[in-house]
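> Pasting the sequence and the predicted model now:
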Amino acid sequence: MIRKKPIAEPFSYIHSGTRIIGNVTVQGRMRVHGTIHGNVEVDGLLEVAETGTITGERVVAHEVKILGRVQADVIASAKIEIWQSGHLEGDVRAAALDIEEGAVFIGRSEMNGQSVARQALTAETGSS
């Protein structure tokens, strides 16, 4: 029996001290320890670490975990998690929103299930 190697998911890492000015589009998983000034689109999981900051108009991902700071509207086709150290200023659209005690969320939220979140992604990004 021949075993196939599992295909590794692409992983992008923005190191602490790195500053990106402009829009970022990533396939797979992305972890941000640095700073991004622009819109972010991730076809997978986006993690904003405690030292990470995203400032822009829009963040779009399959799933978002916020331990750092995000100032943008966030759209996820699955879940958005704001952990205790997380700070989110912006409106959110997702299938689910989990806010840990001690986290900061300033904005409006819309959770209507996964299919509605996908429709919102399509409407926001202009793709089908």
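Structure's in. What do you need?
> and the next element down the chain from the top strand by length along the chain?
In the chain, assigned by DSSP state E, the strand with the most residues is strand 53-66. Counting by DSSP states H and E, the element after strand 53-66 in chain order, helix or strand, is strand 69-76.
> Now tell me what touches that following strand from outside.
Outside strand 69-76, the residues within contact range by C-beta atoms under 8 Å, 6 or more residues apart in numbering are 39-40, 48, 52-64, 80, 86-95, 107, 117, 120-121, 124. Using the backbone N, CA and C atoms, a C-beta is placed for each residue, glycine as well.
> ok so, going back, extract the CA atoms of the longest strand of the chain and return them as PDB.
Extracted in PDB, the C-alpha atoms of strand 53-66 (Å, rounded to 0.1, in the frame of the first residue of the first chain):
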ATOM      1  CA  THR A  53      -2.800  44.700  14.700                       C
ATOM      2  CA  ILE A  54      -4.900  45.000  11.700                       C
ATOM      3  CA  THR A  55      -6.400  48.400  10.700                       C
ATOM      4  CA  GLY A  56      -8.400  48.700   7.500                       C
ATOM      5  CA  GLU A  57     -11.900  48.800   6.100                       C
ATOM      6  CA  ARG A  58     -12.500  45.000   5.900                       C
ATOM      7  CA  VAL A  59     -11.200  41.600   7.000                       C
ATOM      8  CA  VAL A  60     -12.600  38.600   5.300                       C
ATOM      9  CA  ALA A  61     -11.800  35.000   6.300                       C
ATOM     10  CA  HIS A  62     -13.200  31.500   6.800                       C
ATOM     11  CA  GLU A  63     -12.600  31.800  10.600                       C
ATOM     12  CA  VAL A  64     -11.000  34.600  12.700                       C
ATOM     13  CA  LYS A  65      -9.400  34.400  16.100                       C
ATOM     14  CA  ILE A  66      -8.500  37.800  17.700                       C
END
